[in-house]
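In: how would this look folded up:
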Amino acid sequence: MGNTTRKFKMSKIKMAICTLGFLAIIVNAFSGESTPVTTQYALKVSFNPEEARLSGEVVVTWQNWSGVNLYKIPLSLRNKDKEETLIKSVSVNGRPAEFEYRFEEDGEGFTGFEIVLSEPVPPGEICEIKISFTSFKAGFWYDYFHFNHGWNEITNWYPTVLVMQNGKSYPSRQELADFDVKLSCPAEYKYASSGMVESETVSNNRVEYVLKAKGIPDFGILLSKNFIIEETEAAGVKIRSYYFEKEKKWGKKLLEYAKDIVIFYKEKIGFYPQPIISILPGDKYPSGGYPICGNCVVIHGGLDKKGDQAEEFANWILAHEIGHQYFGFGHILEDADYPRWFGLSMGIYTDALYNSARELERSSYKVRRQYYMSGVLAGLNTTIMQKIEDLKREKFDWNNVIAHSKSSTVLSMLEQLVGKDTFWTIFKTYLEKHKGETVTLESFRNTCEEISGKELDWFFHQWYETPAYLDYRIEKAKTWKAGDAFITECKVVRKGDAIMPLTIALETSNGNMIRQEIDGWSEEATVTFKTKNGPARVLLDPDHILPLLSQAEKSINIAGLARRQLEYMEKYDEALRLYERSYSIGKHLPGYLYYLGLAYRNTGDYLSAIDIFKKIIEFKEGQSLKRYQEMSILEIGKTYDLMGRREEAEKQYRLAMKFKRTKKNAEKYLKKPFLHKDF
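Out: Got it, this is the predicted structure:
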């Protein structure tokens, strides 16, 4: 690299060029085309546990495919502590270069820097960038140090050149790159990383690892003294399970699940994107998992808390996270400015392939879409194509409501619309032809239209660019006899803005189900059934394929999720009204009443709250869950505290001291009264 001369072929003529120390690429004069050079990162870093940092240098071999002459090369390197000393020195093709930090709008920390060039880098030219740097101070989460990219935004610990197109840079996009990493760390530390280990050398109580990876969007390094590591191989893929002693059982189980998952994906899809996958421990509560960096996934611990569902849950979540290695977090990329609508939905489709084959219940889209429907029920703006920075200001759980739930619900409807075989072709086309590309809504729509032969602009607009939802209702139905036959006529009305084809079914008195399809475009449609047997009931969407508002209104689970969304946003009055509207379906459930009591208290109706909690305590055996009765005793005490009735509050806390579930908080509030800020 550096100032060395490279030779390129142009037709049959060989030419060599070296201009101002830059490595140039000659474009075919006849075709006007050339093959992009993959960006390469050669990192040599040393880990200092006292400072929780990696320091060293990176050499980036990079080609200008921005389409314009560049006088500045923008790089990403996030640091929220506003330390301006992380970059020690910069050179381009062996010549020292100046650089300028890019600070965040709020002035706290910086997001990267620009290398300032004395002469421009022309389009298509290759150059070598050498940077001496120190990483941000690593977080010590889950009992290990994290040098990774973050999940919802690009937070690289090493400098990376920003993706550029048509003269514009995209800080939230990634590209697939090759990595050659030398890592030095104290010998007592064990590592996990995005790369395969090529060699390791021990010297002076330190170990140097040589790690390599090709075609991944980022490189992560994770370090702990306490990792226990087991590995196996499946379908040519090395699988490593990292765990701590207390999670030994699950560390071993996850390794076995991963073998089956990788083999299935390789057989079903035709390939696995990388030669390695590592599974790392996470939080102590079994809330799921996430891709922590290239080729590495986290599965949260405490899986035994899932009880009888633990093994199925663990198998499902691991298939889900490994499935992401195909879409959104590797192989096929997307813009992280938006809530990962493509990677998450296609990743969920990928894990559904596995879970359906293994008959795991969680593969059902009907289960997944509950969060989306809770957002609709709560009246939230569920538009998918919103910037994450805007969603964060709304304060609701958009990660579940939009990023995971709505995106996968919409994808399932797209599959229904174009057909399963056609959608499988779309899925395979992306994997085979779009490796390393950042998917946009426009490119996805164009591909779907081209393969399906359908005009889909209406579908993509309403489901991705608006909060429109499906609300079809049977407004009235009437039946009469015509000879020996029964005629049943139904009036279906569309009350929502979204449109989808749907099924109307008539169940007859002998149990037969007769179906008719309507296109869903009309505001009103009349459907007529002629049957030999009398009608029993008329059903919209009898197989519950579509996310209809009328179905959400009948679900106490969805109502509960909706209440939580509203409370995240501190819209307590709306949460209360939502629970009051759903009283008829939940009044016999202690869980429903418990949260109704909280809703009353959040809006200042303390007496109604106490009445509700007392009703739960008075439930007869078999009508209530013990935990809600115990928690209600504590909540009565907290409510009395808010009313200034301290003696009555203390009495309730002493009762709550008898139960393991409430003892800790009861002790806390016996010492100090409960206050609003403790909500």
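
In: Residue 477 is in contact with residue 487, isn't it?
Out: No: Residue 477 is beyond contact range of residue 487, at 11.0 Å (criterion: C-beta atoms under 8 Å). (C-beta placed from N, C-alpha, C; glycine too.)

In: Flag the shaky bits of the stretch 101-250 of the chain, pLDDT-wise.
Out: Counting by pLDDT under 70, the stretch 101-250 of the chain contains low-confidence ranges at 104-109, 150-155.

In: starting at the chain centroid, how far to stretch 441-448?
Out: Taking C-alpha atoms, centre = their mean, to the nearest Å, one finds the center of stretch 441-448 at 21 Å from the center of the full chain.

In: got the buried residues for that stretch?
Out: Using 16 or more other C-beta atoms under 10 Å as the test for burial, stretch 441-448 gives 441, 444, 445, 447, 448.

In: Could you do stretch 558-571 as well?
Out: 558, 559, 560, 561, 562, 563, 564, 565, 566, 567, 569, 571.

In: Adding pLDDT, secondary structure and distance to residue 319 as columns, could you present those residues in CSV?
Out: Shown next, in CSV, are the buried residues of stretch 558-571 (pLDDT from 0 to 100; DSSP: H, G, I helix; E, B strand; the rest coil; distance: C-beta to C-beta, whole Å):
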residue, pLDDT, secondary structure, distance to residue 319
558, 93, helix, 25
559, 92, helix, 30
560, 91, helix, 27
561, 93, helix, 24
562, 94, helix, 28
563, 92, helix, 31
564, 91, helix, 27
565, 94, helix, 27
566, 94, helix, 32
567, 91, helix, 32
569, 93, coil, 33
571, 93, coil, 36
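
In: Nearest to residue 283 among those?
Out: Within those, the smallest distance to residue 283 is 19.2 Å, found for residue 564 (C-beta to C-beta).

In: Give the residue farthest from the middle of the protein.
Out: residue 483 (58.2 Å; C-alpha atoms, centre = their mean).

In: any idea how far it is from residue 530?
Out: 10 Å (C-beta to C-beta, to the nearest Å).

In: Any idea what residue 48 is bridged to?
Out: On the basis of DSSP bridges, residue 48 is bridged to residue 53.

In: max-length helix in the protein?
Out: Criterion DSSP state H: the longest helix present in the chain is helix 248-269.

In: What ranges in the stretch 551-679 of the chain fall below the confidence cut-off?
Out: Across the stretch 551-679 of the chain, the ranges flagged by pLDDT under 70 are 621-624, 676-679.

In: mind listing the helices for it?
Out: All helices of the stretch 551-679 of the chain, identified by DSSP state H, counting those that start in this stretch, fall at 556-568, 572-581, 583-586, 590-602, 606-617, 626-642, 646-656, 660-671.

In: ok, residues contacting the fifth one?
Out: Counting by C-beta atoms under 8 Å, 6 or more residues apart in numbering, the neighbours of helix 606-617 from elsewhere in the structure are 590, 593-594, 596-598, 600-601, 624, 628-629, 632-633, 635-636, 639-640, 642-643.

In: Can you tell me which of the helices of the stretch 551-679 of the chain is nearest to residue 123?
Out: Distance to residue 123, taken as C-beta to C-beta, is lowest for helix 556-568 among the helices of the stretch 551-679 of the chain, at 47.2 Å.

In: how many other residues sit next to residue 209?
Out: 18 (other C-beta atoms under 10 Å).

In: for the one 4 residues further on, same thing?
Out: When counting by other C-beta under 10 Å, one arrives at 23 neighbours for residue 213.

In: excluding its backbone neighbours, what's nearest it?
Out: Sequence neighbours aside, residue 195 is the residue nearest to residue 213 in space, at 3.9 Å (criterion: C-beta to C-beta, 6 or more residues apart in numbering).

In: show me what contacts the one you found?
Out: Counting by C-beta under 8 Å, 6+ apart, residue 195 touches 179, 181, 211, 212, 213, 219, 276, 295.

In: likewise residue 649?
Out: Residue 649 sits next to 637, 638, 640, 641, 669, 673, 674 when contact means C-beta under 8 Å, 6+ apart.
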